[in-house]
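Chemist: Turn this into a structure:
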Amino acid sequence: MKNTRNSTILDSVVYGIVMFIANVVGTVAIVFFLMILNAVIGQEAANRHYVIFIILTALIAAAVVWFGSSFYFKYKIPDICKGETNQTILRSNFLFIVLPAEILRFILCCIPTMPGPTFGFRFCDGIFAIAPNFMYSRFYLLPSYNYNLEDIREFGYLFTDHIVFFVYYLVYFAINFCVLYLLFSRAWEKYDRERKSEVKIRMDPEQIK
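Modeler: Numbers count the residues shown, from 1 in each chain. Coordinates of the predicted model:
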């Protein structure tokens, strides 16, 4: 049976490390964004466009992660894009590299831990998944509890809270996975075109005919 995968376990591990670091950077990015936003337009103006403000903030955090992941894809693809390539080979390598780390993050972030001391989010204060945590806290916890973290720390989350968070993260997981696949496939196809063009240039003109 023809091998459809050139990626290795190490590639998946390195992707996981890059992804987790990128999420920390994304968390820092939205902290600065919120500080700048508050200084420029003020909290009152942000509250008037609450939904747009929350979605934009989450997108900034996600975009930082996608940028970091895209950079890793472009760096790694030359090592795994070898010989004949097709959609099956592309998907096989993408799933092997990305899926284990993303599933691990999904599981860790859904563990019912108490809110962290800085942002008030679960699992390491949400720094490894700030986008879904931020939207969950602003669209669900804030209206439900008035974001009273002390009550949550004292009595814990309700079962419903865990289910709602799981749904939020599941939606985020699906969107994030689709964007990552798009970035991976575009980087793969770009490298494949460049590689084939380089091969043609090196070929004898008679062979091209």
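Chemist: gap between P78 and V164?
Modeler: Taken as CB to CB, to the nearest Å, the spacing of P78 relative to V164 amounts to 42 Å. The C-beta positions use only the backbone N, C-alpha and C, and glycine is treated the same way.
Chemist: One more: Y191?
Modeler: The span separating Y191 from V164 equals 41 Å under the rule CB to CB.
Chemist: ok, Y168 - contacts?
Modeler: Under the criterion of CB atoms under 8 Å, 6 or more residues apart in numbering, the neighbours of Y168 are P132, M135, Y136, Y140.
Chemist: at 10 Å what do you get?
Modeler: Contacts for Y168 were tallied using CB atoms under 10 Å, 6 or more residues apart in numbering; they are A129, A131, P132, N133, M135, Y136, S137, F139, Y140.
Chemist: do the same with L108
Modeler: Residues near L108 by CB under 10 Å, 6+ apart: F20, R122, F123, C124, F128, A129.
Chemist: Now do the helix or strand where it lies: distance to the chain's middle.
Modeler: If you go by DSSP states H and E, L108 is part of helix 87-110. Taking the mean of its C-alpha atoms, helix 87-110 sits 11 Å from the chain's own mean (CA atoms, centre = their mean, to the nearest Å).
Chemist: on contacts alone, who are the packing partners of the next helix or strand after that helix?
Modeler: Moving toward the C-terminus from helix 87-110, the first helix or strand encountered (DSSP H and E) is helix 122-125. Under the contact definition 3 or more CB pairs under 10 Å, 6 or more residues apart in numbering; DSSP states H and E, helix 122-125 sits against helix 9-40, helix 87-110, helix 130-136, helix 159-202.
Chemist: what's in contact with helix 122-125?
Modeler: Under the contact criterion CB under 10 Å, 6+ apart, helix 122-125 has outside partners 20, 23-24, 27, 105, 107-119, 129, 133, 136-137, 152, 157, 161-162, 165.
Chemist: Averaged pLDDT, it. What do you get?
Modeler: Along helix 122-125, the predicted confidence averages to a pLDDT of 90.
Chemist: Ok, stretch 154-165 next?
Modeler: Per-region confidence: stretch 154-165 scores 87 on mean pLDDT.
Chemist: buried set for that stretch?
Modeler: For stretch 154-165, the neighbour count (16 or more other CB atoms under 10 Å) marks Y157, D161, V164, F165 as buried.
Chemist: Which residue is the nearest non-sequential neighbour of the third one?
Modeler: Beyond its immediate neighbours in the sequence, the residue positioned closest to V164 (CB to CB, 6 or more residues apart in numbering) is Y140, lying 5.4 Å away.
Chemist: From I127, how far out is that neighbour?
Modeler: For Y140, the distance to I127 (CB to CB) stands at 19 Å.
Chemist: Repeat that for F173.
Modeler: If you measure F173 against I127 using CB to CB, the figure is 17 Å.
Chemist: Can you get me a residue count around F20?
Modeler: A total of 19 residues lie near F20 under the criterion other CB atoms under 10 Å.
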